[in-house]
Structure formats: C-alpha cells, structure tokens
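>>> Below is the structure, and that's it, no one-letter string:
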DNA sequence: TGTATAATGTGATCTACGTCACCTAATGAT
DNA sequence: ATCATTAGGTGACGTAGATCACATTATACA
C-alpha cells in the first residue's frame, strides 16, 4: 500500500472526503523516514508538527530525575505521534519521541493542520474524533493501571498488539507497563 | 454567575462566538440537578448526552469483579462528564457516573451536539480542543501513575484541586489515586 | 570476525502498599 | 433522641514488585 492509501483508508474510517479533498489534505504531508535510535523530539524543543506512522515504530516517553524511562505510547502503522501539549499550547516539548524500529512517517505542520481544518470541515471532524478516540484509549489504560497487576497488563498488551513482542525490546515494554524489566522477565519466564 | 455565564466563559477560553451564536448553542443545553448519591449513568445503559457541571461534583467510575471501585474522573465546575466511548461509538455504557456532592449541570444531547457542530464551525473547533485538553490531562495522569508513589500522587492531587479535600470523602480520593483507603489514611496522618 | 555494547535472565534481599480485623467518629433517617 | 449506616483510623501481617548484583546472550559496528 502506498503512503497515500494508508492515510486515506485510515481517515475514511471516520469521515468521507472526495478524491479532490483528500488529495488537497494529503498535499500538506511531508514524508520523513527515521532510523532506529533517531530522535524526533526532545524535552525543551519547539514542536510544530505531528507524525503519522506508515510503518516501523516510534515511542513517546519521559525520563524522570532518576533516569527512569516511562513510555506513554508506542506508535505503529496508522498511529499519530507528537507532543500534543506543546503542539496545541505553543509550549516547549515536555516529552521525547524517538524511533524504536526504522520508520516511515508523514509529517503534518501545525499551521497546515489548522489551515486545512478551516478549509475542509470534514478534516476538523476527523481530528475531533481522533482526539476522542485517543481520550478513550488513555482512559482504558488508566483503568488497566488502577485495576490490573503487572502480569495481566502484560498479557493484555500482548493480546492487543502482538506485533510489539518482536518489534520492540522487552525493557521498553516494561517501561510502558510500569514495571521493572526484571519483573517483566520473570513474568513470562515463570508461568 | 448564571449557568449561561459559566458556560460562556468556559467556551470563550478556546473560541470566540457572537452573542447570537452562543445563545443558539446554549439553547440546546437542558439544566438538570442531582442530589448526592444519585446515579446519572450505569454500566449497560444507553448514553445519549453529556453533562457540563455548574457546581457540585460528579464522579466517573468503574467497579471491578471484586467490587473494588476505580475513579476515572471527578467532575467539578466547568468539567464535562459522560461515557465518551458509549457516546461516540453508540455502545452501551462501560462506566458509571454518579453525584458526589449536590450538583447542577447542563445536559447536551449527542445529536444536538453534532447538529450544532455542523451549523457553527467554531463549536466543532471548541470540541476538538476540549478533547485534546482531555487527552493531555490523561497523559499527565498516566505519567503520574507510572512515575510517582502514592504519597506524591496524593500531594499532587491536593495541590491541583484543594477543593476536593472537603468536597469528597477520603475513600473516593483513594479510589482515584489507586491506593487503598487505609494506606491513604496513613499517608496524611503520619507525616 | 572479533569486540564493545545493549538486552535479557536470575538469585537474594527490601519495601511500599494491600488486606484483614476491629475500633471510633460522623452522618442521616425515623 | 435513637439507632443504623457510612466514613475514617490503626495495628498486625502478607505479598507483588523494586532494587542490587552479577551472569549470559544477542547485536552492532570497526
């Protein structure tokens, strides 16, 4: 599938755009590729775009004072990644994003996003729904953190995103689940 | 402040509406009051509206198989509450909402919301930004759950929403923080 | 193709927090 | 005013998971 098709199918799950409208929207996206380990956004950076992932994997993460990393999101195909706080409130980045597995992305500038939103109502509707889905997803994760122990959080994640198992190193999965890498290792080697 | 003024000021932090536009939007909101303990939404219900809180306090929560309650959100003045998964995906409610402290709310039906969104672009923009802010807020909470221990989560919450201290019983604060009521009690009685 | 570096496994502790049990203090209905 | 119910406090104890230390295995790059 071409980048255009991947984006098109993704968007059309929520709204309908004519070919013309879609091509116009698509014209604002710039393809950018990243190599494993490359950094997209660092804490303190200015942020002016968001990334639509075509393949590979990015991670959004935070490193605390003790150098402990917490992962907010893995972004794989058809996921969006950015520091949305920085992006929407014109603040400096408060999280980092880097590349976990070689990735191709489409980059959308903030001002282009607002421009197209104004010009094509459906695009704004799409973004409203996208935010809503993101919100609902995070609520589920909070519930999972409150309600489940490390093992069932792990099993839940592997069930929902089995591709993560081979795509990202285990200590990053631990950093996503909120568990030490040692504990995670014991979890799936014991039972 | 009148309900109208509370909503108006809230909305105008994000977008500008003319008096006429605002009054039109406002006309879709129905005032509903709730008494402490009253239930707004229960798991399994159909959900067709969201609530804008004028005063008092609602809670959105989930009860697991062991009858343990987890609180997703306290909604106080100018907060919105609903089961957004049910509301946006036409599913049955998967969370409960009830009234923690006598509350006045403004209720907006789902189809009215979509209708006004279509008619007034700015309203859709407002809702897009509202979702974004919600998303950012939940990300912060996830980070707090991953990074901080019970005591600092408690202190963080009390610092951000000091009014909660007198407004809601401690065991509900515990259910929000993801800590047992006994541990929470020990936290602020020891140090 | 060898060597440095990153990823993973595993045992031995340690500890924050949960659970259970029981008590006291508010609150609210009759 | 009385009694039932809900909220909150506190001790004793159990446990999931953190931390530390070190061994082993992959991976990358020179």
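The structure has been received and is ready for your questions. Everything numeric here is computed off the predicted structure, so don't read it as measured data.
>>> For the lengthiest helix in chain A, which helices and strands make contact with it?
Longest helix of chain A, by residue count under DSSP state H: helix A:121-147. With contacts taken as 3 or more Cβ pairs under 8 Å, 6 or more residues apart in numbering or on different chains; DSSP states H and E, helix A:121-147 sits against helix A:19-26, helix A:110-119, helix A:150-160, strand B:69-75, helix B:84-89, helix B:110-119, helix B:121-147. (Each C-beta comes from the backbone N, C-alpha and C, glycine too.)
>>> and it with DNA strand C, contact?
No. In this structure, helix A:121-147 remains apart from DNA strand C according to Cβ under 7 Å from any atom of the strand; the gap is never smaller than 9.2 Å.
>>> how about that helix, does it get close to DNA strand D?
No. In this structure, helix A:121-147 remains apart from DNA strand D according to Cβ under 7 Å from any atom of the strand; the gap is never smaller than 10.2 Å.
>>> could you give the angle of that helix to strand B:69-75?
If you take axes from the mean of the first three to the mean of the last three Cα atoms, to 10 degrees, helix A:121-147 sits at 140 degrees to strand B:69-75.
>>> Serialize the helices and strands packed on helix A:121-147 to a markdown table and add fields for mean pLDDT.
Shown next, in a markdown table, are the helices and strands packed on helix A:121-147 (pLDDT from 0 to 100):
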| stretch | mean pLDDT |
| --- | --- |
| helix A:19-26 | 98 |
| helix A:110-119 | 97 |
| helix A:150-160 | 97 |
| strand B:69-75 | 98 |
| helix B:84-89 | 95 |
| helix B:110-119 | 97 |
| helix B:121-147 | 98 |
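>>> Quick one: classify the closest residue to residue A:26 other than its chain neighbours as helix, strand or coil.
The shortest distance from residue A:26 to any residue other than its chain neighbours is 5.9 Å, reached at residue A:4 (Cβ to Cβ, 6 or more residues apart in numbering or on different chains). Using DSSP: H, G, I helix; E, B strand; the rest coil as the criterion, the local structure at residue A:4 reads helix.
>>> Counting neighbours, what do you get for residue A:4?
When neighbours are counted by other Cβ atoms under 10 Å in any protein chain shown, residue A:4 registers 13.
>>> From what I see, it and residue A:27 are in contact.
No. Here residue A:4 does not reach residue A:27: they are 10.3 Å apart, not a contact under Cβ atoms under 8 Å.
>>> in stretch A:165-179, what counts as buried?
Across stretch A:165-179, burial judged by 16 or more other Cβ atoms under 10 Å in any protein chain shown covers A:167, A:168, A:172, A:173, A:174, A:175, A:176, A:177, A:178, A:179.
>>> Now the two most distant members of these.
Greatest spacing in these, by Cβ to Cβ: A:167 and A:178 (19.5 Å).
>>> A strand includes residue A:105, no?
Yes. Judged by three-state DSSP, residue A:105 forms part of a strand.
>>> is it in a bridge, and if so with what?
Using DSSP bridges, the beta-bridge partners of residue A:105 come out as residue A:32, residue A:53.
>>> can you confirm residue A:66 is in a helix?
No. Judged by three-state DSSP, residue A:66 forms no part of a helix; its state is coil.
>>> That one: neighbouring residues, count only.
Residues contacting residue A:66 under the criterion other Cβ under 10 Å number 6.
>>> Residue A:1: what's it in contact with?
Applying Cβ atoms under 8 Å, 6 or more residues apart in numbering or on different chains, we find residue A:1 in contact with residue A:9.
>>> next one: the one 10 residues further on
Shown here is residue A:11, whose contacts under the criterion Cβ under 8 Å, 6+ apart are A:17, A:22, A:25, A:126.
>>> Closest to residue A:70 out of these?
The shortest separation between residue A:70 and any of these is 29.4 Å, and it belongs to residue A:126 (by Cβ to Cβ).
>>> what residues are up against the closest one?
When contacts are counted by Cβ under 8 Å, 6+ apart, residue A:126 touches A:11, A:14, A:15.
>>> just residue A:134 next, same as before
Residue A:134 neighbours (Cβ under 8 Å, 6+ apart): B:131, B:135.
>>> Enumerate the residues of chain A near DNA strand C.
Applying Cβ under 7 Å from any atom of the strand, we find that chain A lies next to DNA strand C at A:169, A:170, A:171, A:172, A:181, A:182, A:185, A:186, A:189.
>>> Adding secondary structure and pLDDT, write those out as CSV.
What follows is these, written out as CSV (DSSP: H, G, I helix; E, B strand; the rest coil; pLDDT from 0 to 100):
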residue, secondary structure, pLDDT
A:169, coil, 97
A:170, helix, 97
A:171, helix, 98
A:172, helix, 98
A:181, helix, 98
A:182, helix, 98
A:185, helix, 97
A:186, helix, 96
A:189, helix, 89
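>>> From those, pick the one nearest residue B:108.
Proximity of the residues of chain A next to DNA strand C to residue B:108 (Cβ to Cβ) peaks at residue A:172, which lies at 40.8 Å.
>>> Please tell me how far the closest one sits from residue A:166.
Separation of residue A:172 from residue A:166 (Cβ to Cβ, to the nearest Å) stands at 13 Å.
>>> go on, residue A:187?
The value you get for residue A:187 to residue A:166, if Cβ to Cβ is used, is 17 Å.
>>> So which residues on chain A come close to DNA strand D?
That would be A:36, A:66, A:68, A:149, A:150, A:151, A:178, A:179, A:180, A:182, A:183, which are the residues of chain A within reach of DNA strand D (Cβ under 7 Å from any atom of the strand).
>>> which among those residues end up buried?
A:150, A:151, A:178, A:179.
>>> Next, give me the two most distant ones among those.
Based on Cβ to Cβ, the longest span within these runs between A:151 and A:178 and measures 12.6 Å.
>>> All good on my end, thank you.
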